[in-house]
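Chemist: Sequence and predicted structure are below.
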Amino acid sequence: MTDSSTFAPDWISPPGDTIEDLLEERGWTKAKFAERTGFTPKHINELVKGRVPISADAAERLSRVLGSTSDFWLVRDAQYQAACERQRTSRVCRAPASSSATPTPPARAAAAARSPSD
């Protein structure tokens, strides 16, 4: 049996990865998601890319629209921020999407290669 306490991925996954997975499952575009949450499409894009943190208000909206709890989204963002700090890449974690300094998890990289983004 593997000791799960030693798991140390070499990638950081922003909460936006989870959002994108849920949008894909539902067949929603980012524009439709923006409409449902009341955020602007630009804000949704920034949220998905990990460029803005999830506030309590955003967590509540995500919870209402995606069917999870607001605590889930707040904890997901806190874990992302903590991982950024541990890797001393907090600037990279909030950097523009074109930055290649933060490795992409293999599953996300494969999915991105298969489908163009909005």
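Modeler: Thanks, I have the structure now.
Chemist: so the nearest residue to Asp71 once chain neighbours are set aside is in which element?
Modeler: Once flanking residues are discounted, Asp71 sits nearest to Ala59: 7.6 Å by C-beta to C-beta, 6 or more residues apart in numbering. In this view, the C-beta of every residue, glycine as well, is placed from N, C-alpha and C. For Ala59, the element it lies in under DSSP states H and E is helix 56-66.
Chemist: Downstream of that helix, the next helix or strand is which one?
Modeler: Heading C-terminal from helix 56-66 (DSSP H and E), you reach helix 70-86.
Chemist: tell me the mean pLDDT for that next one?
Modeler: For helix 70-86, mean pLDDT rounds to 91.
Chemist: got the buried residues for it?
Modeler: Ser70, Trp73, Leu74, Arg76, Asp77, Tyr80, Gln81, Ala83, Cys84 (16 or more other C-beta atoms under 10 Å).
Chemist: what about the chain, any weak spots by pLDDT?
Modeler: 1-4, 7-10, 88-118 (pLDDT under 70).
Chemist: Where do the helices of the chain begin and end?
Modeler: Using DSSP state H, the helices of the chain run over residues 15-26, 30-37, 41-48, 56-66, 70-86, 90-93, 106-114.
Chemist: Among these, single out whichever gets nearest to Ser5.
Modeler: helix 70-86 (14.7 Å; C-beta to C-beta).
Chemist: Make CSV from the helices of the chain and add distance to Ser5 to it.
Modeler: Converted to CSV, the helices of the chain look like this (distance: least, C-beta to C-beta, whole Å):
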stretch, distance to Ser5
helix 15-26, 23
helix 30-37, 36
helix 41-48, 30
helix 56-66, 28
helix 70-86, 15
helix 90-93, 23
helix 106-114, 22
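Chemist: Now do the same contact list for the nearest residue to Thr40 once chain neighbours are set aside.
Modeler: Among residues not flanking Thr40 along the chain, Ala34 sits closest, at 6.2 Å (C-beta to C-beta, 6+ apart). Neighbouring residues of Ala34 by C-beta atoms under 8 Å, 6 or more residues apart in numbering: Thr40, Pro41, His43, Ile44.
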